[in-house]
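[1] structure of the sequence below:
(chains A, B and C)
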Amino acid sequence: MPELPEVETTRRGLLPALKNRHIIDVVVRDARLRWPVEADFASHLRGQLVVDVDRRAKYLLVKLQEGFAVWHLGMSGSLRIVPSHVPARLHDHVDLVLNDGKTLRFNDPRRFGCVFWTDDPLRHKLLRSLGPEPLNDEFHVSYLAAKAKGRSVAIKQFIMNANIVVGVGNIYASEALFHAGIRPRRAAGRIKRDELAKLVKSIKKVLSAAIKQGGTTLRDYVNTDGAPGYFRQKLFVYERVNEPCRVCKTSIVQLTQGQRSTYYCPVCQR
DNA sequence: AAAGACACCTGGGAGC
DNA sequence: TGCTCCCAGGTGTCTT
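    The predicted structure follows:
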């Protein structure tokens, strides 16, 4: 499910619900996530005050007085705030019970997500070599051009590589390439500088617009209130194979890159 | 170092 | 109805 806009939407929902609350209990119903929930996870969190909720790439950083609870939603994970008396449902794997009668509840059918405690998330193995945030000023055309130089990998897979830039997943990679007018299979190293400049702008624009709409719900993504995101209506190519391009009416084409579906308009993108 | 394949897992939809 | 197959918002790890 979640790319950067969905994770950011989740962060914004969590912040007012978690900040300045105490975690009075932790329930781990199923520790078998992508990486098993560690045995001492609950004891690290129990009794702690939540100080802030931040985000790095697609990781949510729940800042505690001592260390952080770091969450990744994987493909199908979601975090909701529910009244603590609501019974857990299928795939509700982890709860943080708060001192205000509410519970932060993690649901993840495919169990590709993970959660762990750490005292220094940015130096953690999973986060330390991540590229820049796409919405920050450090992500600019000169940076991208330097990284792309000499690379033969397809531009779509290149911008989905979190070591290059974080947060661009399968939906927004196709969408950003459409808006930049670039075909997804072109080698990253052969994209001209002015095209890369357009691509940087498109990535920023698409992600910002999606955040404004609360993200994209295709199947099971919901925000912390259980509501879907509404950016799906604004998609130009993703999951629109054989439908007319919203700009030129040409049929949208689907292909496979790196075992993922890619969508593009053969006329608008060159 | 870079590129590509594969792995993890469940559920929903299509086709028979 | 029920089976099989394919596909899905991610990304670490292994092989070439």
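
[2] ok, and the closest non-adjacent residue to the closest residue to DNA strand C within chain A?
    Closest approach between chain A and DNA strand C, counting by C-beta to the nearest atom of the strand: residue A:169, at 2.1 Å. (C-beta placed from N, C-alpha, C; glycine too.) Closest residue in space to residue A:169, ignoring its immediate chain neighbours: residue A:3 at 3.5 Å, by C-beta to C-beta, 6 or more residues apart in numbering.

[3] ok, now which ones touch the one you found?
    Contact analysis of residue A:3 by C-beta atoms under 8 Å, 6 or more residues apart in numbering lists A:58, A:167, A:168, A:169, A:170, A:171, A:172, A:210, A:215, A:216.

[4] any stretches of the stretch 101-250 of chain A with poor pLDDT?
    Residue ranges of the stretch 101-250 of chain A with pLDDT under 70: none are present.

[5] so which residues of it form helices?
    Along the stretch 101-250 of chain A, counting by DSSP state H, counting those that start in this stretch, helices occupy A:141-148, A:155-159, A:170-180, A:193-212.

[6] for residue A:34, give its distance to residue A:224.
    From residue A:34 over to residue A:224 the distance is 21 Å, taken as C-beta to C-beta, to the nearest Å.

[7] looking at the two, which is more packed in?
    residue A:224 (22 against 15; other C-beta atoms under 10 Å).

[8] what about the nearest residue to residue A:55 once chain neighbours are set aside, which SS state?
    Counting by C-beta to C-beta, 6+ apart, residue A:55 lies nearest to residue A:11, which is 4.7 Å off, once chain neighbours are set aside. With DSSP: H, G, I helix; E, B strand; the rest coil as the basis, residue A:11 sits in helix.

[9] which residues touch residue A:11?
    By C-beta under 8 Å, 6+ apart, the contact list for residue A:11 reads A:53, A:54, A:55, A:60.

[10] let's see 10 Å
    A:18, A:53, A:54, A:55, A:59, A:60, A:61, A:62, A:71, A:79, A:224 (C-beta atoms under 10 Å, 6 or more residues apart in numbering).

[11] for the stretch 101-250 of chain A, which segments count as strands?
    Assignment of strands within the stretch 101-250 of chain A using DSSP state E, counting those that start in this stretch yields the ranges A:102-107, A:114-118.

[12] what residues does the nearest residue to residue A:214 once chain neighbours are set aside make contact with?
    For residue A:214, ignoring the flanking residues on the chain, the nearest one in space by C-beta to C-beta, 6+ apart is residue A:229 at 4.1 Å. For residue A:229, the contacting residues are A:1-2, A:5-6, A:9, A:210-211, A:213-218, A:221-223, by C-beta under 10 Å, 6+ apart.
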